[in-house]
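> Could you look at this predicted model? Sequence included:
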Amino acid sequence: QVQLVESGGGLVQAGGSLRLSCVASGSTFSKYAMGWFRQAPGKEREFVAAIIWSGGSTRYADPVKGRFTISRDNAKNTVYLQMNSLKPEDTAVYYCAAHSGSYHRIDDADYWGQGTQVTVSS
C-alpha cells in the first residue's frame, strides 16, 4: 500500500511558476514509476508527465512540453513537478500517481493522491 500526499498548489498569475511535491509513504518508493495528472472543471482527467523509477527517463503531454519538468528524489520519497510559464488553461486539480509497472502505462496507476489545486489567473 502506498499513500501519496500532494502539496505546493496555489494561485499564481499567468507566466508565473509553481513547484508541486508528492510525498509517498507505506512502501518502497523507488519501485514505482510516478506520474502527474490534472483535471480541470468539467473535463476528464488528463496525463501531464511521468518518470521511471530511477528518474532516468521522463515523458510529457504535448501541452506542457518545454514548460513543466518532472523529477524525483528517491531518498526523500518525493516526486516533483516544476511548472513554469503557467497559463490560465493549466488551471486544474493536480494529482500524483504511482504505478508498479512501466511509466508508459502510468494511466493504470495503482495509487493516487488526493490532489492539489492550481489556479492560474490571466
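It's in. Numbering: from 1, shown residues only.
> Excluding covalently adjacent residues, which one is nearest to the residue most central in space within the chain?
Using CA atoms, centre = their mean, the residue of the chain that lies closest to the mean C-alpha position is residue 36, 2.4 Å off. Leaving aside its sequence neighbours, residue 36 sits nearest to residue 48 (CB to CB, 6 or more residues apart in numbering; 4.3 Å). (Each C-beta comes from the backbone N, C-alpha and C, glycine too.)
> buried set for the helix or strand where the one you found lies?
Residue 48 belongs to strand 46-51 when assigned by DSSP states H and E. Buried residues in strand 46-51, counted by 16 or more other CB atoms under 10 Å: 47, 48, 49, 50, 51.
> how far away is the residue nearest to residue 36 from residue 27?
Distance, residue 48 to residue 27, by CB to CB, to the nearest Å: 23 Å.
> With residue 76 instead?
Separation of residue 76 from residue 27 (CB to CB): 15 Å.
> likewise residue 79?
Applying CB to CB, the value for residue 79 to residue 27 is 14 Å.
> more neighbours, the two?
residue 79 (30 against 16; other CB atoms under 10 Å).
> ok, now which ones touch the residue nearest to residue 36?
Contacts for residue 48 (CB atoms under 8 Å, 6 or more residues apart in numbering) come out as 35, 36, 37, 38, 60, 61, 64, 68, 81, 94.
> Strands - which of those residues land there?
Filtering the contacts of residue 48 for membership in strands, criterion DSSP state E, returns 35, 36, 37, 38, 60, 68, 81, 94.
> Pull the contacting residues for residue 49.
Residues in contact with residue 49, defined by CB under 8 Å, 6+ apart, are 35, 36, 58, 59, 60, 61, 64, 68, 69, 70, 81.
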